[in-house]
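Asks: Sequence and predicted structure, then a few things I'm wondering about:
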Amino acid sequence: MPGYRQMQMRQGHYDKTLMWVLLCLLGFGLIMVYSASVAQAGLHNYANRAVFFIKQCQFAVIGILLAALLCRVPMWRWLRWTKLLLPFALIFLAIVPLVGEEINGAKRWLPMPGGLKIQPSEIFKLMTILYMASFFKRRLEILHDFGKVKWVAVPIGLGIGFILLTRDLGSAMVVFAIALVMLFLANLPARWFAMVVGIGISVAATVIATSDFRMRRMSVMWQPWKDPTGTGYQSMGSLMSMERGGWFGEGLGNGVFKRGFLPEAHTDFILAVIAEELGLVTVTLLIFCYAWIVWRAFSIGRNARDLDLHFNSFVAIGIGVWVAVQSFINIGVNISLLPNKGLTLPLISYGGSSLVIIIVGLTILLRVDYENKMKIKGITFTDPHEAEAERKRAQAEAAEAGDDDPDNTERQTS
């Protein structure tokens, strides 16, 4: 049977359209990272102007190699691995404020051997999805018992707290949004859901109100020209870059604002570079691609639910929420709808941890779709331990029913 399953996979029982859209976005992102980062490398006195592009290509290769390996991992293994991966993610988050590397006033990166740096908050986004999906799959019936369901919030609350200690409100908001949507889809009682929303809003408001730089960002969020040389500088550069590009752009590589007028042009504000060089038409097409990916993720999740693959269903929907929220925040920052949060544009912006983890997450989404199609064909992927436990339970129930049968008792006596 394993050989048959592998043969079926090679024959193309996966969403080719989704896969090619993701690969095209990845390729487009590499092109734009090169265009946006060449000037940035010069401003930072790098000997090689393509240093950021080369690093991003390396991260892309790592992500693709991981995708090639993980596409064959059945979802029941992710369900089992979550118990180990979640504690490790929390440990990494906990030590970042202590030993993390500080960049632009924020300690979000953990130095690793070989000169690499990882951002544990990116890992925790995926762990949040897997953890909550595993919790709901195993314990969906306790969602109406607050004394028990409150424990689902403990790891998520700890993770959000550790992320806030690294001054990364954007990632904390993404994690909270993922958890909130998954609680809603799990039919958490309305009064408890409202309480969770209220707690989240209160925490976010407190974090913003007690931080001077966040309050300054809020004050110029919609009117960056109030402080064009200070807090509103990045937003002003982004808006002017988009205005210069018009509908069809100035041409690839012909952007002006990335040359010192738009800080973080290859990371947070790469959308502004895209708008200036390729125009609002390309930006609109890019937004459409993200909307389609989110719609596809929700469709895959709905199909998994209809096939009684509840863990798979929650995972697919969680990944869709992740892409939707992070894309929305990044785009909102670029058009000055939201204050700067330091979040990357999925598959496009420069950033190793973000790129590798989002590739892993989207690979899992493709795997969920694959298992949906295999289930329709009558091929299921089940945990051998759970299958054995289910078989023993069925035998025990059958034996118990047999003991209670008077006719069976008489036969045994005779």
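Replies: Thanks, I have the structure now.
Asks: Below-threshold pLDDT in the chain: ranges please.
Replies: For the chain, applying pLDDT under 70 flags the ranges 1-12, 42-45, 47, 104-106, 114-115, 138-150, 228-229, 386-398, 400-414.
Asks: Check it for its longest helix and report it.
Replies: helix 270-306 (DSSP state H).
Asks: Residue 263: how many residues sit nearby?
Replies: 16 (other C-beta atoms under 10 Å). For the C-beta atoms, the positions are set from N, CA and C on the backbone; glycine is no exception.
Asks: thought it was touching residue 238?
Replies: No - if you go by C-beta atoms under 8 Å, residue 263 and residue 238 don't touch, sitting 10.0 Å apart.
Asks: so what sits against both of those two?
Replies: residue 269 (C-beta atoms under 8 Å, 6 or more residues apart in numbering).
Asks: buried residues in the longest helix of the chain?
Replies: Buried residues in helix 270-306, counted by 16 or more other C-beta atoms under 10 Å: 270-280, 282-283, 286, 289-290, 293-294, 296-301, 303-305.
Asks: what's the answer for stretch 246-260, then?
Replies: Buried-residue list, stretch 246-260, by 16+ other C-beta under 10 Å: 249-250, 255, 257-258.
Asks: Now tabulate the residues you listed in TSV and tack on secondary structure and distance to residue 202.
Replies: Rendered in TSV, the data for the buried residues of stretch 246-260 read as follows (DSSP: H, G, I helix; E, B strand; the rest coil; distance: C-beta to C-beta, whole Å):
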residue	secondary structure	distance to residue 202
249	coil	43
250	coil	45
255	coil	41
257	coil	38
258	coil	39
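Asks: so which of those residues would you say is closest to residue 318?
Replies: For the buried residues of stretch 246-260, the residue nearest residue 318 by C-beta to C-beta is residue 258; the value is 33.9 Å.
Asks: which residues does that closest one contact?
Replies: With C-beta under 8 Å, 6+ apart, residue 258 has these contacts: 35-36, 39-40, 241, 265-266, 273, 276.
Asks: Show me which parts of stretch 83-91 are buried, residue by residue.
Replies: The neighbour-count check on stretch 83-91 (16+ other C-beta under 10 Å) flags 85-86, 89-90 as buried.
Asks: so where do the strands sit in the stretch 1-150 of the chain?
Replies: Per DSSP state E, counting those that start in this stretch, the stretch 1-150 of the chain carries strands over the ranges 101-103, 106-111, 117-118.
Asks: Same list, those, but as JSON lines with distance to residue 318 please.
Replies: Formatted as JSON lines, these follow (distance: least, C-beta to C-beta, whole Å):
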{"stretch": "strand 101-103", "distance to residue 318": "28"}
{"stretch": "strand 106-111", "distance to residue 318": "22"}
{"stretch": "strand 117-118", "distance to residue 318": "21"}
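Asks: Which one, of these, ends up nearest to residue 26?
Replies: When these are compared (using C-beta to C-beta), the closest one is strand 117-118, at 19.5 Å.
Asks: Report all helices and strands that the closest one contacts.
Replies: Judged by 3 or more C-beta pairs under 8 Å, 6 or more residues apart in numbering; DSSP states H and E, strand 117-118 is in contact with strand 106-111, helix 352-376.
Asks: and the ones you listed as JSON lines, adding distance to residue 130?
Replies: Putting the helices and strands packed on strand 117-118 into JSON lines (distance: least, C-beta to C-beta, whole Å) gives the following:
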{"stretch": "strand 106-111", "distance to residue 130": "20"}
{"stretch": "helix 352-376", "distance to residue 130": "8"}
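Asks: winner for burial among the ones you listed?
Replies: With neighbours taken as mean count of other C-beta atoms under 10 Å, these reach their highest mean count in helix 352-376, at a mean of 22.
Asks: Helices along the stretch 51-200 of the chain, start to end?
Replies: In the stretch 51-200 of the chain, the helices defined using DSSP state H, counting those that start in this stretch lie at 51-70, 75-99, 120-139, 146-149, 153-165, 169-185, 190-209.
Asks: And the residue nearest to residue 297 when sequence neighbours are not counted, which helix or strand is it part of?
Replies: Computed as C-beta to C-beta, 6 or more residues apart in numbering, the closest residue to residue 297 that is not its neighbour in sequence is residue 320, at 3.0 Å. Counting by DSSP states H and E, the element that carries residue 320 is helix 310-334.
Asks: Next, the buried residues of that helix.
Replies: Result for helix 310-334 [16+ other C-beta under 10 Å]: buried residues 310-331, 333-334.
Asks: to the chain's geometric centre, what's the distance from that helix?
Replies: 6 Å (C-alpha atoms, centre = their mean, to the nearest Å).
Asks: Repeat that for stretch 86-102.
Replies: Worked out by C-alpha atoms, centre = their mean, stretch 86-102 lies 18 Å from the chain centre.
Asks: Show me the contact partners of it.
Replies: So stretch 86-102 is in contact with 107-111, 117-118, 120-121, 123-124, 127, 130-131, 155, 158-159, 162-163, 165-166, going by C-beta under 8 Å, 6+ apart.
Asks: and the most centrally placed residue in the chain, how far is that from residue 316?
Replies: By C-alpha atoms, centre = their mean, the chain has its centre lying nearest to residue 322, at 4.2 Å. Distance check for residue 322 against residue 316: by C-beta to C-beta, to the nearest Å, it reads 11 Å.
Asks: and for those two, which residues touch both?
Replies: With the criterion set as C-beta under 8 Å, 6+ apart, the contacts of residue 322 and residue 316 do not overlap.
Asks: and residue 287, what is it in contact with?
Replies: Contact analysis of residue 287 by C-beta under 8 Å, 6+ apart lists 327, 331.
Asks: quick one, what contacts residue 372?
Replies: Applying C-beta under 8 Å, 6+ apart, the residues near residue 372 are 300, 303-304, 307, 309, 312.
Asks: picking up where we left off before, on contacts alone, who are the packing partners of the helix holding residue 320?
Replies: In terms of contacts (3+ C-beta pairs under 8 Å, 6+ apart), helix 310-334 is packed against helix 75-99, helix 120-139, helix 169-185, helix 233-245, helix 270-306, helix 352-376.
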